[in-house]
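# no sequence for this one, just the structure:
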């Protein structure tokens, strides 16, 4: 790559950035939204908001495509081809023929982890080369105060970059020479840093240790930091610990606002969050990116919600990760926590991503029984056919003791299925969430990665698609929709056999389909009179653009609960 001057980087980034109205955000060259934490500009309660002259794909039972939709007091009032009567409190937005879809719903992600990122987190999950990484970091630099860290942690993978490697210290310096930078890959690293970051970590290594268990970061001359382990820490975990120690609660609120703004810019309006590897108590240098205190990780989101600044919906599951046969944390959770408690913008969920480690044998089976006995929703993610078989057999055993058929138990990821297992799940009222993330995480570019979208959709079991975003894969749903409809992975190879589904099917799974998994199908997932008013006006027509364009789709106007939460000022 030819060496580019910093002026050229910043010039290109500034030329690509545009204002995003009411949430005080910018969209960088990488197509990401970064919020400045501003208050959403409210639509007054009695205002009749009319969006007209669009192609509004409602995702209702008849697959209606309407021209006009009206909204009042947070709900859809009319959906059709004629404009409703306008009064003095009406506001009309001419969509100019743009495509409109219901707000996208994620049935399994880790957005709360994204909201807890230290530093000024930069979305790199949509970049495809080191050049684009540099442009995104340079654009982010403009909003970062002197001395503050620019970070990008999780969501991206080197598979998605043309060079299939991290940027070097010198390449990061070319983009951002005057702020420390840290890129952190997936759960445990490895990491990459620039010269200012290296100087910081070198000084920390030379100083008296800030914690008795911390290990040296040992930044190489190229800026590389070795990965940590899932237990015991290591260089990348130590680097993360240093940055987390600097993080204030106000920093967490800013990161949470950034995560919400990015979600809104994608048209992603609702999340079922699955926690990840909880570690209650104080920070420790052995904790990796997926380790957070499950009792405190929601505090910044709660704070924004109380202030009326939550702009996307959140349902929070409770992951229990103990192999202790006594299952003390799970028992206390079931005894003392309310499920589905809160409001339509933020509420508790059920037990998930699991109630105990799948490999813990009898402990895991007892955990399933306890959840069934308590009458809670239950979820398990599986990585192969043996694990899926284990889950189905356990669900059947619990169902013989406690009727779970109305509890909406589910299985996630499911890279491989059989008709027999799907039949048995369906008989118990269970659903299947298909994990579409392996297009970027597979280490073998020719490997068939699943899931079997076509087989599962044709079967008729309740199903949805999820991206497992924020750690191992992008949060961006359009990346996962592109894979579900083409089977093409990050290396450009078609790797999922004949298991592709249509664009209509993929969108339905990510809207109406996923609403079932949040127990909100009567409220969200389609554009119908009486439902909560969540929608996204797209920057291009999802149904007609070439396959390569699907990954690039963004929202130009996002509405959640009847409020405009993202506005690119193009309609």
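It's in. Just so we're clear, the structure is a prediction, and the values are computed from it rather than from any experiment.

# what helices or strands is the helix or strand hosting residue 256 leaning on?
Assigned by DSSP states H and E, residue 256 belongs to helix 249-266. Packing partners of helix 249-266 (3 or more CB pairs under 8 Å, 6 or more residues apart in numbering; DSSP states H and E): strand 25-27, strand 33-35, helix 111-115, strand 120-121, helix 299-306, strand 555-560, strand 563-567. Every C-beta, even on glycine, is put in place using the N, C-alpha and C of the backbone.

# any idea how far the residue nearest to residue 556 when sequence neighbours are not counted is from residue 539?
Leaving aside its sequence neighbours, residue 556 sits nearest to residue 568 (CB to CB, 6 or more residues apart in numbering; 4.2 Å). Going from residue 568 to residue 539 by CB to CB, to the nearest Å gives 8 Å.

# spit out the residues that contact those two alike.
Common neighbours of residue 568 and residue 539, counting by CB atoms under 8 Å, 6 or more residues apart in numbering, are 554-556.

# which of these has the most neighbours?
Counting neighbours by other CB atoms under 10 Å, the top entry in the shared contacts of residue 568 and residue 539 is residue 555, with 28 neighbours.

# run a quick neighbour tally on the nearest residue to residue 550 once chain neighbours are set aside.
Nearest residue to residue 550 in three dimensions, chain neighbours excluded: residue 482, at 4.2 Å (CB to CB, 6+ apart). Residue 482: 23 surrounding residues under other CB under 10 Å.

# go on, residue 435?
What residue 435 shows, counting by other CB under 10 Å, is a neighbour count of 25.

# which residues sit in contact with it?
Counting by CB under 8 Å, 6+ apart, residue 435 has contacts 108, 381, 412-415, 451, 466-468.

# can you map out the strands along the stretch 401-550 of the chain?
410-413, 431-435, 463-466, 535-538 (DSSP state E, counting those that start in this stretch).

# deepest-packed of the ones you listed, please.
strand 463-466 (a mean of 28; mean count of other CB atoms under 10 Å).

# and it, what does it pack against?
Other elements packing on strand 463-466 under the criterion 3+ CB pairs under 8 Å, 6+ apart are strand 104-109, strand 431-435, helix 453-459, helix 477-486, helix 514-517.

# each with direction, which strands does the second one pair with?
Within its sheet, strand 431-435 is paired with strand 410-413 (parallel), strand 463-466 (parallel), according to DSSP bridges.

# export those as JSON lines, with columns for mean pLDDT and distance to residue 352.
Shown next, in JSON lines, are these (pLDDT from 0 to 100; distance: least, CB to CB, whole Å):
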{"stretch": "strand 410-413", "mean pLDDT": "98", "distance to residue 352": "8"}
{"stretch": "strand 463-466", "mean pLDDT": "98", "distance to residue 352": "11"}
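
# tell me the SS of residue 237?
At residue 237 the chain is in helix, as set by DSSP: H, G, I helix; E, B strand; the rest coil.

# give me every residue that touches it.
188-189, 215, 228, 285-288.

# need those in JSON lines with distance to residue 50 and neighbour count, can you?
Listed next are the contacts of residue 237 as JSON lines, based on distance: CB to CB, whole Å; neighbours: other CB atoms under 10 Å:
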{"residue": "188", "distance to residue 50": "50", "neighbour count": "20"}
{"residue": "189", "distance to residue 50": "50", "neighbour count": "26"}
{"residue": "215", "distance to residue 50": "59", "neighbour count": "20"}
{"residue": "228", "distance to residue 50": "53", "neighbour count": "27"}
{"residue": "285", "distance to residue 50": "55", "neighbour count": "23"}
{"residue": "286", "distance to residue 50": "55", "neighbour count": "21"}
{"residue": "287", "distance to residue 50": "50", "neighbour count": "20"}
{"residue": "288", "distance to residue 50": "49", "neighbour count": "25"}
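
# and which of those is nearest to residue 298?
The nearest member of the contacts of residue 237 to residue 298, counting by CB to CB, is residue 287 at 17.3 Å.

# thought residue 241 was touching the closest one, still the case?
Yes: here residue 287 reaches residue 241: they are 7.0 Å apart, a contact under CB atoms under 8 Å.
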